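Engineer: Sequence and predicted structure are below.
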Amino acid sequence: MNDFIQHTINGLALGSIYALVALGYTMVFGVLQLINFAHGEIFMIGAFTGLYFTRYVLPAGTEPSIGVTLMVVVAAMIGSAVLGVIIEKFAYRPLRKAPRINILITAIGVSLLLQYGGQLIFGASPQFFPKILPRENIDLGGDIFLDTNQITIFLLSFVLMVILQYLVFKTQFGRSMRAISHSLETANVIGINVNKVIFITFIIGSALAGAAGVLYGVAYPKIDPLLGLLPGLKAFIAAVLGGIGNITGAVIGAVLLGLSETYVAGYISSTYRDALAFVILILVLLLRPGGLLGSKKIEKV
Amino acid sequence: MAFLEVENMSLEFGGVKACQNVTLKLEPGILYGLIGPNGAGKSTIFNVLTGIYPPTRGDVKLAGESLVGKKPFEIAQKGIGRTFQNIRLFKELTVLENVMSAFYSSSHSSMVDMVFETKNFHAEEEEVRKKSMELLKVMGIEDLAAVPAGGLPYGKQRKLEIARALGLNPKLLLLDEPAAGLNPTETRELTDLIRKIQKDRNITVLLIEHDMGLVMKICEKIYVLVQGQLVCEGTADVVQNDKRVIEAYLGVDE
Amino acid sequence: MKMMNKTILIILIFFIAALALNFVMGGFAFDMNLLLYAKPTRWQGLISPYYYAVLVILGINIVLSVSLALLNGFTGLFTMGHAGFMAIGAYTSASIVMFLLPTAPFFVQMIVGSLCAGTIAALIGFLIGVSSLRLNGDYLGMVTLGFSEIIRIMLLNIDAVGGARGMTDIPQYSNLGSVLLLAVIVVLVIKRIRDGRLGRAMLAIKENEMAANMMGINPLAIKVKAFVISSFIAGVAGSFFAHSEGYLSTQTFTFVKSFEVIAMNVIGGLGSLSGAILGAGILTVLPEALRKVQDITGIDLRMIIYALTMILIMILRPQGLMGNREWKWLSSK
């Protein structure tokens, strides 16, 4: 039983990181009907922004603390947001009216460009994410541990998600975003500045992924430019599981995925852990393409 | 037993009653018209007949056999051909290839035949090509055979749609506003052409049209649909003098 | 005397050309092993082993590219799982040859190996196709990606075929002659399919599936047919790949590989058979040409240039280099 609780804690932490990334996928899909393949790399750049910020901007010898961590997270969020916006403006916007496959291929191209460009710039070998958070394990009794990493992840993702919730459901921007995801043309016609809303959507989605990047770096300190590949794909699968385009769905899907991955690795074997995500993807797409909260009606051929 | 029977057919989507208790009896070899104000549900009936939507209630029978639940291609293979209100040609294929595509289900050459270009294959290709060219000739567009369908002027595209549907060798031809967007000369020409095709092949034709001149001229019997319900059926005279029909059309149409 | 079927005549001509090519390229001595199915061991030919290897890769890439074009360009199905079928073919052929036919003559190994590779790939393609081809657009892409990755992970976990270490010492009998002959045959087959009624049906579905349905064409059946044919050919390509490299690793068959093939189609032009070949040519030669740059600067720019090229083409010339057009000899008219 204690194992189960530990796995659950671990799974929830992993799920929270997935959730922050999944939100970006789902938001962009909502407004552009685009699977932003490059999103995993935006997550990766968040991690690296955090790394280089700590290494070159913070004064040497800075003690790890919550304050430092927050600064690094903010820096990463900015870094990722900037990248996200550049990608939107130069790679996706010109293709707004093009057939779907063109944008998809471009997105894949951007993803690969960032991966290998990252290898070029940061070097292909893994680097160690600096220690910015004081590491302590809290013993909850019965061999169950909660470490400061996980607490930070829970708190930070909770706060960010609450802010997002407010933005999406209680502001004009959020209303515009939801209008666009229903119909781009109608939104245009009723005077919504579509370009601006999409722009801001990318900023928010990318910032969240950037934050997730730092949290990932803190939890799994060995980072390399290809780190966005698998987690990115999994976060996407989480979004699909919850219902692509549905914000609440993204969170639910991510938590479910994080939990099931951790349980599978803990109770069955870690070799098949990655395969689980793909199996879930296939099951969802074949049985219920709309996902758990099925927002968009998938047209059956 | 009529050739095509629609029995008390209703179609509802989530509260919207697109068709209510529609009953049609089409006898073989007759040219029928289906008219009604915009949004009355005429194309919807076509969609039910061709298997795009299953009816919520009621039945559709072709020569006694129920078509409900069958997929569109199965229904097409049974001999119901159809054109579309908004043209749905295969734009990148040539005019000839568009018509040839309708012969797919009636052809038999196998993969082996195709890959090795056997005599079988050549013979069948030739036959399909010949038959397709004949259909193009009937519609008067055989000189455009090698042109990509997307490059055709509007009037000729409409003709191609009909030629293609004829490629199925249909016993029932459903024409959805074949004269939409045509000028009066083209409309006259098409009207005569449709009547000629119907008589020559002795097929049943059901025609949706807004051009009353066309309808009254060639349709032997007309059904009138208003808001998903049949309000009148009969010859042109009957329909023109029917009170409900006149009411429905007041102010609308030519 | 009856006129031989034109197809058999064409293949015979290329068969002889392939023999001659191999003979000339690899060595002027006439050796039974230098015939169609073995790599020349003495390099006395016209070109260096390096260029020989590049040509072999070119041949395999052409086969991969045109088999994807059948699915993507002709039937309009965007899939991202081609690498999976290549992997199935590669590992199947290698396993059968190494475990079941280790002492058979090269010729038998090649035929049995590639046929089994293709068949198994086609079978799995059938299963995947029947379950997934109801989806369209991005969803089909994602599902095929998922299946491809699962196949890869499963292969990774089968120790009998080397697992993470990879499979080594695979008999290397695929040589330039056999690969180019394969490419010719495959291109011919696909051209014939496209020109016949199946091709018309595929194009009709790509253009307007609803209308095709109305014209008596069963969309799902045609899509599955296209998928199975495409998987079969990809499997055969995989088999020739395995027997040319002599070594297999699951790392070769990731999503990046699928994307490379998609890139070949896109650069060449999605609806065009000639484009698929051209794209394969460019994307085989370009990385090798860039290898020179890599040698000088020590930086591997190849993937970056790949990716940039893809992006630029999508933005600036989305129809690819050939658009919809074909070279004269591949045209159907």
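Structural biologist: Yes, it's here.

Engineer: Quick one: the strands in the chain, in order.
Structural biologist: No chain in the question, so chain A it is. Assigned strands in chain A, in chain order: A:127-128, A:137-139, A:145-147, A:222-223 (criterion: DSSP state E).

Engineer: cool, chain C as well?
Structural biologist: In chain C, no strands are defined using DSSP E.

Engineer: give the contact list for residue A:152.
Structural biologist: With contact set as C-beta atoms under 8 Å, 6 or more residues apart in numbering or on different chains, residue A:152 has these partners: A:66, A:69, A:133, A:215, A:218. Every residue, glycine included, has its C-beta placed from N, CA and C.

Engineer: Now for these, which sits with the most neighbours around it?
Structural biologist: Greatest neighbour count in the contacts of residue A:152, by other C-beta atoms under 10 Å in any protein chain shown, goes to residue A:215: 27 neighbours.

Engineer: before we move on, back to that, and the two most separated of the contacts of residue A:152?
Structural biologist: Farthest pair in the contacts of residue A:152 (C-beta to C-beta) is A:66 and A:215. Separation: 13.0 Å.

Engineer: hey, which helix is longest across chain B?
Structural biologist: helix B:119-139 (DSSP state H).

Engineer: May I see the buried residues of the following helix or strand past that one?
Structural biologist: Once the chain leaves helix B:119-139, the next helix or strand it forms, by DSSP states H and E, is helix B:154-166. Within helix B:154-166, the residues that qualify as buried are B:155, B:156, B:157, B:158, B:159, B:160, B:161, B:162, B:163, B:164, B:165, B:166, counting by 16 or more other C-beta atoms under 10 Å in any protein chain shown.

Engineer: ok, now stretch C:306-314?
Structural biologist: C:306, C:307, C:308, C:309, C:310, C:311, C:313, C:314.

Engineer: Count the neighbours of the closest residue to chain A within the stretch 1-150 of chain C for me.
Structural biologist: Minimum separation of the stretch 1-150 of chain C from chain A (C-beta to the nearest C-beta) falls at residue C:146, amounting to 4.3 Å. A count of nearby residues for residue C:146, using other C-beta under 10 Å, gives 29.

Engineer: Repeat that for residue C:170.
Structural biologist: Residue C:170 has 23 neighbouring residues, counting by other C-beta under 10 Å.

Engineer: got a list of what it touches?
Structural biologist: Shown in contact with residue C:170 (C-beta under 8 Å, 6+ apart): C:94, C:97, C:98, C:242, C:243, C:245, C:246, C:247, C:248.

Engineer: Could you rerun that using 7 Å?
Structural biologist: Applying C-beta atoms under 7 Å, 6 or more residues apart in numbering or on different chains, we find residue C:170 in contact with C:94, C:98, C:242, C:243, C:246, C:247, C:248.

Engineer: Report how many residues lie close to residue C:246.
Structural biologist: By other C-beta under 10 Å, the residues close to residue C:246 number 16.

Engineer: so how far is chain A from it?
Structural biologist: 26 Å (C-beta to the nearest C-beta, to the nearest Å).

Engineer: I'd guessed that residue sits against residue C:173; true?
Structural biologist: No - Residue C:246 is beyond contact range of residue C:173, at 9.7 Å (criterion: C-beta atoms under 7 Å).

Engineer: Residue numbers of the stretch 151-254 of chain B in contact with chain C?
Structural biologist: For the stretch 151-254 of chain B, the residues in contact with chain C (C-beta under 7 Å from any C-beta of the partner chain) are B:164, B:168.

Engineer: Could you measure from the residue in the stretch 151-254 of chain B that chain A sits nearest to over to residue C:270?
Structural biologist: Taking C-beta to the nearest C-beta as the measure, the stretch 151-254 of chain B has residue B:151 as its residue closest to chain A, at 19.7 Å. Residue B:151 sits 20 Å away from residue C:270, taking C-beta to C-beta, to the nearest Å as the criterion.

Engineer: more neighbours, these two?
Structural biologist: In this view residue B:151 and residue C:270 are compared by other C-beta under 10 Å, and residue C:270 has more residues nearby, 28 against 12.

Engineer: okay, that one: pLDDT?
Structural biologist: Model confidence at residue C:270, given as pLDDT, is 86.

Engineer: Contacts only, for it.
Structural biologist: So residue C:270 contacts C:72, C:73, C:320 (C-beta under 7 Å, 6+ apart).

Engineer: can you pull the alpha-carbon coordinates of the longest helix of chain B into CSV?
Structural biologist: Extracted in CSV, the C-alpha atoms of helix B:119-139 (Å, rounded to 0.1, in the frame of the first residue of the first chain):
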residue,chain,number,x,y,z
LYS,B,119,-4.6,-8.4,-72.9
ASN,B,120,-7.5,-8.5,-70.4
PHE,B,121,-6.4,-5.2,-68.9
HIS,B,122,-6.1,-3.5,-72.3
ALA,B,123,-9.4,-4.8,-73.5
GLU,B,124,-11.3,-3.6,-70.4
GLU,B,125,-9.5,-0.2,-70.4
GLU,B,126,-10.5,0.2,-74.0
GLU,B,127,-14.1,-0.6,-73.4
VAL,B,128,-14.3,1.7,-70.4
ARG,B,129,-12.7,4.4,-72.4
LYS,B,130,-15.0,3.9,-75.3
LYS,B,131,-18.1,4.0,-73.1
SER,B,132,-16.9,7.0,-71.3
MET,B,133,-16.3,8.9,-74.5
GLU,B,134,-19.8,8.0,-75.7
LEU,B,135,-21.2,9.5,-72.5
LEU,B,136,-19.1,12.6,-73.1
LYS,B,137,-20.5,12.8,-76.6
VAL,B,138,-24.1,12.5,-75.3
MET,B,139,-23.4,15.5,-73.1
